[in-house]
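# Could you work out the structure for the sequence below:
(chains A and B)
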Number of protein chains: 2
Amino acid sequence: MAQLKGACVIGQSGGPTSVINASAYGVIRTALDNPNITTVYGAAHGIKGVLNDQLYDMGKEDPKELELLLHTPSSELGSCRYKIADPDVDDTDYKRILEIFQKYNIRYFFYNGGNDSMDTCAKVSRFMAKAGYECRVMGVPKTIDNDLYGTDHCPGFASAAKYIATSCAEVYKDARVYDTGMVTVIEIMGRHAGWLAGAAALAGVVDCAPDLVYLPEVDFDMDRFLADVEAIYKEKGNCIVAVSEGIHYADGSFVSEAKTSATDGFGHAQLGGLAALLANIVKERTGAKVRGIELSLLQRCSAHLASQTDIDESFLAGKTAVEAAVSGETDKMVGFECTRGNGGYTCKTKLFNLSEVANFEKKVPLEWINAEGNGVSQAYIDYALPLIQGDNARATEQGLPRFARLKKVLAK
Amino acid sequence: MAQLKGACVIGQSGGPTSVINASAYGVIRTALDNPNITTVYGAAHGIKGVLNDQLYDMGKEDPKELELLLHTPSSELGSCRYKIADPDVDDTDYKRILEIFQKYNIRYFFYNGGNDSMDTCAKVSRFMAKAGYECRVMGVPKTIDNDLYGTDHCPGFASAAKYIATSCAEVYKDARVYDTGMVTVIEIMGRHAGWLAGAAALAGVVDCAPDLVYLPEVDFDMDRFLADVEAIYKEKGNCIVAVSEGIHYADGSFVSEAKTSATDGFGHAQLGGLAALLANIVKERTGAKVRGIELSLLQRCSAHLASQTDIDESFLAGKTAVEAAVSGETDKMVGFECTRGNGGYTCKTKLFNLSEVANFEKKVPLEWINAEGNGVSQAYIDYALPLIQGDNARATEQGLPRFARLKKVLAK
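You can find the predicted model right below:
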C-alpha cells in the first residue's frame, strides 16, 4: 500500500468510560511520534467538532499532561450523540467533513466510540472513497456495555466491571453488620446486554457474591423474582440482588418503566429508578428492611478503580489503530482476540471490518446464564475475571485524582 | 493506679465505616500483645453480643487475617443499634452485662461507635462502679458523620470524605462530555451535620468543584436553590450540585420528606430520595437535562478508597484506648488533637470524658459556610484536606479486595 502523508483527527463519541481517554492517548501519542502524520488534531465533541471546524492541535499540549489521559475518566475531547445521516439520502454533513479534511489535509480519521461510532466511521469511509479523497478510517472501540460484535471484549467494560464487583463486595460487607436482616437491590447499567450486571458475580471470587443476578437476556418474572428473594431471605436472613437496568417482562416492556402494573402496586412514574422500585416491592411483599442502590454513572467514570489491564489494552487499541492505518489499513475496527485457560490470559489486537461490527449488539450467551435465570455460570467468571486484573497506577494530587489538564488550543 | 489483670471485650456499634475495623484491630492487636490482658473477646453485634453471651475468642484468629481488618470495611464483629436503658430506670441489661463480665473475668470494655455508643459506655461504666466491679471502660469513636464533640475529627469521616470528593471529581468529568448542558444533583449522607456534604468541595483542589453545596446547618429555600442553579446553568451551561440528605426547610421539615409541597409539585411519597426529587424539580423549572445521583452507602463502605491517614489514625485510636486503660484510665473516649498550617498537619490522641462527648452533635461552624449558604469556605478545606491524604495500601486477590476472613470462634 502506498505511503500516505497527512494530518489525522481523533474524535470521541457516545457515553464515556473510565478508559476512553487511554485509547485517545494511544492514538495521539503514536500519531505524534509517527513521521507520516504531519499534525494530530482532536475533534471537539466528536464528529460535531469536525462539522463545526473545532479541532484542537494536540501537538501544542504538554506531553506529561497528555500522558495523564491514561488515568482521566470521561471523554476529554468532548463527546456527542450525533447520528449522522445515510450519505445516500443526505450527504450535507459528508460534504462538510470532506471540506474540513481538505482544509487541514486530514488523511487519517480515528473514531473512538461504540456501535453508533463504528457506523459513523463506516459511512464516512464509504463517502470519502466515493468522492475519491484518500483517507484511512479506523474505529477504536469503547463501551462499558461490552456489546460490540467480533472483539473478545471492549475497552471500558473491564473497568466498569471491576468497579461493580468491588462495590458489590463492599456492599456485601455493609449489608451484613446487623443481626436484623436486609434485602439490598443493586442496579447496574446495561440496557440490552447483561455483561455489566454479570460482573456483580465476580465478587464471589472473594466470597462476597450477590445472591441473585438478573440479566436482560432473560425475560423477567416479578413473581419468580419475589419467590427467589423470599426463599433466600428466609434461609439466610439477608439477600443481595444485582439487577441490570434493562430487565424487562416477556412482552418486552422494561421493569423500570412499569407505571401502573398491578404487580408493583404503584400508580405513578418512578423517580428513583429500578433499584428503589424493586426494593419497595420486596418491602411490601416480605416486610423486610430494604435498600435500593443505583451505581449510576459512577460505574462508567470511576477511573480511580480502573483495571490496569483495561488501561493497557485501551491504549494498545489506539496505538494499533494508528500503526495499522499508516501501514495501509482502512475501514477497520481494532478489536481483541484472547486466550484463557491453562496458558493464562493473553490478548492480541485484531482488525475487524467496520461493516461487520456496526449496528450489531453482542449479548451474554444464554448458556452462561443459569437455568433459573438468576445468576451467571463459571464460564462468565472465567471470561471476565482476567480483564479486571491490575490496579490503576494513577497520579494523585493532595489525595485526589490528578486528571489531565489540556490547553485545547484550537487549530486555525 | 493499681494494675488490673483480666480479659477485655471489644464491641462495635452503630452504622459501619470503611475504617471501623482498623480501630477494632488497634484494640485487638494491642490487647493481644499486652501481658495484663488475659483474653481478648470480640462481642458479636456490639452490646447485644455481651447480653447474649456471644463472644468470639480473638486469640484464635490467624494474625494475618486479623491484620487485614485494616482494609476491611463495615463492622466485622457485627453491629447493633440497641439503645440501652438508663440504669437508674431499668438495670436488667446491666445486671446481665455484669454477670457476663464476671463469667469471663472481663476487666476492660472497649466500645467502638458513635454518639449512642459513647452513651452506652458511660452508662456501663457508671453501673459497674456502683456495683463495685472493677472494670475500665473506653470509647473508641467512629462515625462518618464527624459529629462527635471534643475531638478534632472522628475516625471514619476522612475515608468517606475522600470517597465523596473523588466521586465528585469523576462525576464532574462525566457531566461535561456533551456540548448539551446538564444539571447533576449528588446526594450525600449526613442527617444533621454537613461535614460530609462539605467534602464535595474538596474536589476543587483538582479543579473539579461542584458549583453549589448545601449543608443542613443552613435552612434550605427551594426558590433560592432554583435561582442559584438557574443562574449557574445559564452562565456555564452546566451545574453540579452537592446536597446533604439532611437539608431542611426553615420549619425543620426535611426536603427529602416533602410530599405535598406546592413548591416541589409532587403529591406522593418519594421512592428515589432527595437527589431524584431535586433533579426533577430542576427539570420542571429549567427544562435542563438532569441527573440525580445518590452516593448511598458506598460512601461509608468503600474501603478501596479509604484514606491511609484515616486508617492509621483509626488504628491509633484503638491502640491508645488499650494502652490508656491498662495504665489506669477509664470512662474516657480517645479523640484527636491536631495542628494544621505552616508546620503541616499533626495529630495526637487525647482522652475526653465520656460524659462530655455522649449525646452531643458537633456541626459545621456557620463561619465555614459562605454567606449565600451554598458553599463552604477555605477554612473547611484547610480543615478537611489533610485528613484525606494517602491511599489505602490494601491487599487484593484476583483484582478484588481481599478482606479479613475471621473464624469467629465462640468463647465457652
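# List the contacts of A:Glu65.
Listed by CB atoms under 8 Å, 6 or more residues apart in numbering or on different chains, the contact set of A:Glu65 reads A:404-406. For the C-beta atoms, the positions are set from N, CA and C on the backbone; glycine is no exception.
# could you pull out the strands for chain A?
A:6-12, A:37-43, A:55-57, A:106-113, A:136-141, A:182-188, A:212-214, A:238-244, A:290-294, A:332-339, A:346-353, A:396-397, A:400-401 (DSSP state E).
# A:Gly375: which of these is closest?
Among these, strand A:212-214 comes nearest to A:Gly375, with 5.0 Å by CB to CB.
# chain center to the closest one, what's the gap?
Using CA atoms, centre = their mean, to the nearest Å, the distance from the centre of strand A:212-214 to the centre of the chain it belongs to is 21 Å.
# how about the residues of the stretch 1-150 of chain A that lie near chain B?
A:12, A:16, A:44-45, A:48, A:72-76, A:78-81 (CB under 8 Å from any CB of the partner chain).
# in the stretch 301-412 of chain A, which spans are helices?
A:308-326, A:354-357, A:378-384 (DSSP state H, counting those that start in this stretch).
# May I see the buried residues of the shortest one?
Applying a neighbour-count criterion of 16 or more other CB atoms under 10 Å in any protein chain shown, the buried positions in helix A:354-357 are A:354-355, A:357.
# Kindly provide the distance from A:Glu187 to A:Val9.
Taking CB to CB, to the nearest Å as the measure, A:Glu187 falls 37 Å from A:Val9.
# what about these two, which has more around it?
Between A:Glu187 and A:Val9, A:Val9 has the larger neighbour count (other CB atoms under 10 Å in any protein chain shown), namely 29 against 26.
# beta partners for the more buried one?
Following DSSP bridges, A:Val9 is listed with bridge partners A:Tyr41, A:Phe109.
# Do you know the pLDDT at it?
For A:Val9, the pLDDT comes out at 98.
# Next: A:Glu372.
Reported pLDDT for A:Glu372: 96.
# With A:Val185 as the reference, measure out to it.
Relative to A:Val185, A:Glu372 is positioned 18 Å away (CB to CB).
# More neighbours: those two, which one.
A:Val185 (27 against 10).
# Does that one touch A:Ile293 like I think?
Yes - under the criterion of CB atoms under 8 Å, A:Val185 makes contact with A:Ile293 at 7.1 Å.
# who touches both of the two?
A:Ala275.
# thinking again about what came up before, now, of the residues of the stretch 1-150 of chain A next to chain B, which are buried?
The neighbour count (16+ other CB under 10 Å) marks A:12, A:16, A:44-45, A:48, A:72-76, A:78-80 as buried among the residues of the stretch 1-150 of chain A next to chain B.
# Out of those, list just those in helices.
Per DSSP state H, helices hold the following members of those: A:Lys48.
# okay if I get the buried ones among the residues of the stretch 1-150 of chain A next to chain B as CSV plus pLDDT?
CSV is the format used below for those (pLDDT from 0 to 100):
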residue, pLDDT
A:Gln12, 97
A:Pro16, 92
A:Ala44, 98
A:His45, 96
A:Lys48, 96
A:Thr72, 97
A:Pro73, 97
A:Ser74, 95
A:Ser75, 96
A:Glu76, 97
A:Gly78, 97
A:Ser79, 95
A:Cys80, 92
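# Name the nearest of the buried ones among the residues of the stretch 1-150 of chain A next to chain B relative to B:Gly150.
A:Pro73 (39.2 Å).
# give me phi/psi at the closest one?
In terms of degrees, to the nearest 10, the main-chain angles of A:Pro73 are phi -80, psi 170.
# ok so, going back, who wins for most neighbours among the contacts of A:Glu65?
That'd be A:Ala404 among the contacts of A:Glu65, by other CB under 10 Å, with 21 neighbours.
# Now do that residue, the pLDDT please.
With respect to pLDDT, A:Ala404 scores 98.
# wait, what's in contact with it?
A:21, A:65-69, A:72, A:76.
# Kindly report the same for A:Asp91.
A:85, A:127.
# Ok, A:Ala200 next?
A:164-165, A:168, A:186, A:188, A:209-210, A:213, A:242.
# Adding distance to B:Ala158 and neighbour count, write these out as TSV.
As requested, the contacts of A:Ala200 are exported to TSV (distance: CB to CB, whole Å; neighbours: other CB atoms under 10 Å in any protein chain shown):
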residue	distance to B:Ala158	neighbour count
A:Ile164	25	30
A:Ala165	25	31
A:Cys168	24	27
A:Ile186	26	28
A:Ile188	28	32
A:Ala209	30	22
A:Pro210	29	27
A:Val213	33	28
A:Ala242	29	34
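# near chain B, from those?
Okay, of the contacts of A:Ala200 touching chain B (CB under 8 Å from any CB), that's A:Ala165.
# can you tell me which two in the contacts of A:Ala200 are farthest apart?
Among those, A:Ile188 and A:Ala209 lie farthest apart (CB to CB), at 14.1 Å.
# Give me the distance between the spatially closest residue to A:Leu70 that is not a sequence neighbour and chain B.
Of all residues beyond its chain neighbours, the one nearest A:Leu70 is A:Ala22 (4.9 Å), with distances taken as CB to CB, 6 or more residues apart in numbering or on different chains. Separation of A:Ala22 from chain B (CB to the nearest CB, to the nearest Å): 14 Å.
# do the same with A:Leu278
10 Å.
# need the contact list for the closest residue to that residue other than its chain neighbours.
Using CB to CB, 6+ apart and skipping the chain neighbours, the partner closest in space to A:Leu278 is A:Val185 (4.7 Å). Neighbouring residues of A:Val185 by CB under 8 Å, 6+ apart: A:241, A:243, A:274-275, A:278-279, A:282, A:290-293.
# what's the pLDDT at A:Val185?
On the pLDDT scale, A:Val185 is placed at 97.
# Identify the residues contacting the residue in the stretch 1-150 of chain A that chain B sits nearest to.
Here the stretch 1-150 of chain A gets closest to chain B at one residue, A:Ser74, 3.8 Å apart by CB to the nearest CB. Neighbouring residues of A:Ser74 by CB under 8 Å, 6+ apart: A:16, A:20-21, A:301, B:170, B:173-174, B:176-177.
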